[in-house]
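curious how this folds, go ahead:
(2 chains)
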Amino acid sequence: MQDPEVALMGLRLARRGGATDAVSIVKKTDWRMIRFSNNGVTVSKGTREASLSIFMMIKERRASFTTTNLSRRSVEDLVCNTLKMAKISTQSDAYAPLPEGPFKYRSELMSIGDSRIMSEKLPDAVKAAIEAAISEGARRIAGSLIADRTSKVIRTTGGAKGTHTSTNYVLSARAFADTEATGQFAQVATHFHDLDPENVGRHAGEIAKKAMNPKLAEPGRYDAVLGPMTVADLIEEVALSASAYRVEAGLSFLTDSLGKRVASALLSLDDDPADERAPGSAPFDEEGLPTFEKPIIEDGILKTYLHNSQTAKKMGAKSTANAGLVRPGAFNLKIRAGDKSIEDLVSMIDNGIYITNNWYLRYQNTRNGDFSTILRDGLFKVENGEIVGPIRGLRLSDNMLRLLGNIRAVGAERHWIKWWEVDVPTLAPAMLLYGVNFTSPTL
Amino acid sequence: MEDQLRMVIQLSGKLGAGYSEARYQSDSVTSFILKNGTLERANLYKSEGIAIRAIVNGSLGFASTSGVEGASIRKATELAVSSAMATKGLARSPVQLSEEELSVDKVIVKPRIRFENVEFDSAVDLLREADAVALKSASRRNVKMTGRILRVDAGLCEKLLITSDGAWVYSSIPRTSFGYTLIGIHPQKGSAMRSSLLGESRGWESIERWDVVKLMNEEGEIMGRVLDEGVSPPKGPVDILIGGEVVGLICHESGGHPGEADRILGREAAQAGESYLSIDSVGMEVGSPLVNVVDDPTLPGSYGFYLHDEEGVKARRRYLIKGGRIDEFLHNRETGATTGTKSNGASRATAYNREPIVRMANTYLEPGDMPFEELIEDIERGVYIRNFTEWNIDDRRFNQRYIGFEAYMIEGGELGAPVRNPTIEMTTIGLYKAVDAIGDDLRFWGATCGKGDPQQGIPVWTGGPTIRLRNVSLGGA
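Numbers count the residues shown, from 1 in each chain, chains lettered A, B, ... in the order given. Model (predicted):
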């Protein structure tokens, strides 16, 4: 069976089993990865897989399944068992019917990126990244290059019907000039010819070289320039907290903040699934609604939560076409650019810190936004507007809302970031924040 | 399925692989989530497929497919071999595997109560009751539990592994977990968050034994007390008692991870990071002589249970730190060969589409012989940190932080008022060397350990007894 037929079969079986509403999605992935470390390839990987996900409602009762076995018999069994769970559970939640189509999708979003993954070109790209980092002074380099082509077929009882394919390349490289002198950079692109492995390797190598012989830093509050990698990680957290699922569950620091100031007026953040050059774009969400660009935060004001039709009904809003079958989420995050170069941002600091990367962000409390994250790779002391040398041993320990409120300037140059730590493709500039709290070990 | 796996081995060899392995893996998991008292959704997840590793002239290729019929498997085999060949010139040193005595065995763990035999409605009702008692017990302290996620996952993982050098292992292991996140808000005193996970390689009987209603009642009461009565942590040096839930996490993060040989050798450098240890750190003093950190996949019923690893090597108990010194690292066959030692059965993969890599299983601090009462009795002024909210650690596993959720002042050898957010922010060696007594109250918690690229969240146990640190400063300022 072809993918649309499998999706249709799933939908019919769900209907026949008693579902009032259903979404059927067939996803196929062709994926390659080259991992490298110590200047050489450690493993080359490839995966080909297909799955069927069906989300079903019997009015307000919901159940779903995902399977890699697409045979009719297996799907029949799963529909039956899943609906059995839905049927016998007591009535609980509000009923929001799936959006009613038919829908028209933008043709330029139906196929994004290269028509196939350029697997034969991946080894040379890895080689180029390694050589560029070494030419900048790195002694060794590690990272991964991923090429991914995914197709998604959707059928819903609301009449949604569509097929979307997209190709992504994600390159992440970490250079070591010494054990504790490291630099990391990453890029995501939809076309292989837009991927710039030399630039990623060079950038990582440059940071590593500058990070040689770091001094142990004193904890305290400092003004800080956050590079695009760190901005992307923090902004992804903002988008996760803007998901109506997290808000409605009472777990978000953006709860009860709609229409209110949640950040400095310098921050404007959009979710843009409709940019055909952007890595996470898609013509429809997982309820089949046509996607569209929307501001999440505009001039520091929270403009919307990210909704599917279920969360929208519960919160008295309209769907923003951000449905995931489980929870609404962003497609592509774009932070609107400011007008400052990195040098301008650094020059605005009397006594502070320049952060190039972070990792391992965990909340003390997602509801109020208290968290900390490890600063890794090049970390630099700034005095009188200039970088004076590398430092180490600090943790950024602060509050999300306080940080957002303390944005004082936004960079002009933006980079598409996606890597191990950042899932949602994010177009991120550097930023200057005032009064960021840093801690260090007591023993 | 065995025939298909044999076909992979045969075809890989014909295509030029000097070594190959084929693993069939099937995972089926039923999950249900209660969000603020409402059944958010029930979900069934079934994945199955085949993972193939091939070494061609020292170059390693991995491929997987969700198609389990002949044509898909053949294509995946070709992909594994061709991937290895494509990057042959870029390998820095040839991949080799250590010589091992490989397993031929069948491991079947039978759940006493299969989830399929549990009335789904009564299972959901149990979570509803647990949710309701948490809400009620917190409300006695004027604390509103505004965010409550309770989740049960019950699953079965089946694997068949065949390698070209003779391993044959079938395993069938059930896993059940109960996880929760709770947010409480006090009208005057702010909010707090608590998350935890219990997990075992058993069936529904684990949920019954954990008594989730009683557990949630306690968590609600504690949330109420922490928010209503919590005081600021003391400044300056104090004695600290750290409870088993935190100790288990400490052992996992800074006892287990830095001892993973692939990290030490730099294979994870761009992702999860490296280690403060080097390959010749065996014997290095990193803690007080009382500290013995163990990783043991063979604990019956444990969340990280297995008897043979993903390369067909028999699992065994491993001392990572013994008497305060590094005793051995976690190895697979690749790191074993690279370092001139043997694998100790630490190769694991989470799914058919994941490459097996070096992982922990059940990591814990060996208990001492002091009852809690003895640990606390001579502490004049201190803090007892029973469990945690936030934590993280740097990528060399040296600079770590744990923020206490349930914590109490200790005065005159007795527990006093709850303490809000006491912070342990210490280096690994600083913390391990400060341990001056270890309790006899070893317990285990479930956790999902992250590592690999793409990510592999793997089930593990973290465990510990209560420990005592003398005269140390809390951090977080």
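
what ranges do the helices span in the chain?
Just going to use chain A. Assigned by DSSP state H, the helices in chain A fall at A:3-17, A:72-88, A:122-135, A:197-210, A:228-241, A:244-248, A:309-315, A:342-347, A:400-405.

look at chain B instead
Applying DSSP H to chain B gives helices spanning B:2-15, B:70-86, B:120-139, B:205-210, B:212-229, B:244-250, B:261-264, B:333-338, B:372-377, B:428-433.

mean pLDDT, distance to chain A and mean neighbour count added to these, as a markdown table?
Backbone N, C-alpha and C define where each C-beta goes, glycine included. Shown next, in a markdown table, are the helices of chain B (pLDDT from 0 to 100; distance: least, CB to the nearest CB, whole Å; neighbours: other CB atoms under 10 Å in any protein chain shown):
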| stretch | mean pLDDT | distance to chain A | mean neighbour count |
| --- | --- | --- | --- |
| helix B:2-15 | 98 | 14 | 17 |
| helix B:70-86 | 96 | 4 | 21 |
| helix B:120-139 | 96 | 5 | 19 |
| helix B:205-210 | 98 | 16 | 17 |
| helix B:212-229 | 98 | 11 | 21 |
| helix B:244-250 | 98 | 11 | 26 |
| helix B:261-264 | 98 | 9 | 26 |
| helix B:333-338 | 98 | 9 | 24 |
| helix B:372-377 | 98 | 19 | 16 |
| helix B:428-433 | 97 | 4 | 22 |
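
please name whichever of those is nearest to residue A:307.
Each of the helices of chain B has some distance to residue A:307 by CB to CB; the shortest is helix B:120-139, at 24.7 Å.

which elements pack onto that closest one?
helix A:72-88, strand B:19-35, strand B:144-163, helix B:212-229 (3 or more CB pairs under 8 Å, 6 or more residues apart in numbering or on different chains; DSSP states H and E).

give me the angle between the third one and strand B:19-35.
Same thing as strand B:144-163. 160 degrees (axes from the mean of the first three to the mean of the last three CA atoms, to 10 degrees).

so does strand B:144-163 get close to chain A?
Yes: judged by CB under 8 Å from any CB of the partner chain, strand B:144-163 and chain A are in contact via B:146, B:147, B:148, B:149.

please apply the same query to stretch B:269-277.
Yes: counting by CB under 8 Å from any CB, chain A has neighbours in stretch B:269-277: B:269, B:270, B:271, B:273, B:274.

flag every residue of the stretch 351-477 of chain B that's near chain A.
For the stretch 351-477 of chain B, the contact set with chain A under CB under 8 Å from any CB comprises B:353, B:355, B:389-396, B:399-401, B:403, B:421, B:423, B:425-427, B:430-431, B:434, B:453-455, B:472-477.

what's the PyMOL syntax to select whichever of the residues you listed are buried?
Of those, the buried ones go into a single PyMOL selection, burial set by 16 or more other CB atoms under 10 Å in any protein chain shown:
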select buried, chain B and resi 353+355+389+390+391+392+393+394+395+396+399+400+401+403+421+423+425+426+427+430+431+434+453+454+472+473+474+475+476
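
hang on, the earlier thing: out of the helices of chain A, which is closest to chain B?
Proximity to chain B (CB to the nearest CB) singles out helix A:72-88 among the helices of chain A, at 4.2 Å.

give me the buried positions along the closest one.
Buried, per 16+ other CB under 10 Å, within helix A:72-88: A:75, A:77, A:78, A:79, A:81, A:82, A:83, A:85, A:86.

which of the residues of the stretch 351-477 of chain B next to chain A fall in strands?
B:389-393, B:399-401, B:403, B:423, B:425-427, B:472 (DSSP state E).

so what's residue B:472 bridging to?
residue B:238 (DSSP bridges).

wait, doesn't it sit right on residue B:434?
Yes: here residue B:472 reaches residue B:434: they are 5.4 Å apart, a contact under CB atoms under 8 Å.

so for these two, which residues contact both of them?
Jointly contacting residue B:472 and residue B:434 under the rule CB atoms under 8 Å, 6 or more residues apart in numbering or on different chains are A:443, B:426.

how is chain A carved up into domains?
A:3-209, A:214-439 (automatic domain parsing).
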